[in-house]
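> only geometry, no sequence info:
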Ligand SMILES: CC(C)(COP(=O)(O)OP(=O)(O)OC[C@H]1O[C@@H](n2cnc3c(N)ncnc32)[C@H](O)[C@@H]1OP(=O)(O)O)[C@@H](O)C(=O)NCCC(=O)NCCS
């Protein structure tokens with residue numbers, strides 16, 4: 001594989017053949033990002049459930065969900081997961097699309113993959129008639145909190161997310177397309 005500065009990067013819509021790699025990369029980035037104090041049961045369960053190949057294939061089969069992959073020479077480096085026509089109590093627009101995941105493998109962060117995947121996802125959302133793209137970011141994720149405003153996203157609220165009896169404060173970002 002070539003060095004990071006000479007990456008022959010290609011971005012495209014994912015196909016079911018990508019599901020295995022999306023799941024494994026997803027689990028790696030998820031744990032890097034959220035397991036900041038080690039691995040507890042709730043996180044372990046969520047990681048295994050959310051990133052199994054079956055779960056990714058099920059998501060791909062949904063008409064409202066799509067994945068964009070960034071890869072080089074058969075190696076997946078990052079992906080975006082986009083859902084059309086999503087709703088949120090703080091948004092309430094039928095034409096809102098949600099960026100549900102934007103994951104870049106840690107050693108390839110800071111090289112523009114994130115913004116290229118985001119730009120691709122925004123174009124996809126426009127094609128699906130979305131007038132807005134939104135995303136939530138955990139308040140314990142300072143890099144992502146800084147990333148979205150630099151890409152033109154406004155911080156419009158701080159929803160709380162509850163999972164398996166744990167509550168997590170998030171920041172809600174939105175961009176009009
Ligand atoms: C947050 C995350 C997606 C950002 O992706 P990234 O690939 O590291 O970020 P990028 O390299 O695209 O952006 C940083 C650099 O790209 C370049 N860049 C960014 N936007 C650009 C643009 N519009 N045009 C040209 N270059 C740009 C800049 O050099 C920028 O540097 P800066 O941060 O000093 O401004 C990535 O760090 C990640 O996957 N983190 C773990 C998972 C996560 O937290 N996901 C978000 C919540 S789901």
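That came in fine, so what should we check first? The structure displayed is predicted, hence computed values, not measured ones.
> now residue 42: which helix or strand?
Following DSSP states H and E, one finds residue 42 within helix 41-50.
> repeat that for residue 119.
helix 113-127.
> what sits up against that helix?
9, 11, 13, 66, 68, 70, 77-80, 82, 84, 97, 99, 102, 104, 133, 147, 151, 175, 177 (C-beta atoms under 8 Å, 6 or more residues apart in numbering). C-beta: built from backbone N, CA, C; applies to glycine.
> related to what we said a few turns ago, buried stuff in the helix holding residue 42?
Applying a neighbour-count criterion of 16 or more other C-beta atoms under 10 Å, the buried positions in helix 41-50 are 43, 46, 47.
> correct me if wrong: the last one contacts residue 30.
If I follow you right, that is residue 47. Yes - Residue 47 is within contact range of residue 30, at 5.7 Å (criterion: C-beta atoms under 8 Å).
> A strand includes residue 68, no?
Yes - secondary structure of residue 68 (DSSP: H, G, I helix; E, B strand; the rest coil): part of a strand.
> now the host helix or strand of residue 54: how far from the chain's centre is it?
Using DSSP H and E, residue 54 falls within helix 53-61. Centre-to-centre, helix 53-61 and its host chain are 15 Å apart (C-alpha atoms, centre = their mean, to the nearest Å).
> now do that helix: which elements does it pack against?
helix 19-34, strand 65-72 (3 or more C-beta pairs under 8 Å, 6 or more residues apart in numbering; DSSP states H and E).
> nearest to the ligand: which residue in this protein?
Scanning the chain for the residue nearest the ligand gives residue 114, at 2.1 Å (criterion: C-beta to the nearest ligand atom).
> how many neighbours does that residue have?
23 (other C-beta atoms under 10 Å).
> what's the answer for the one 5 residues further on, then?
Neighbour count for residue 119, taken as other C-beta under 10 Å: 14.
> cool, residue 164 as well?
Neighbour tally, residue 164, other C-beta under 10 Å: 10.
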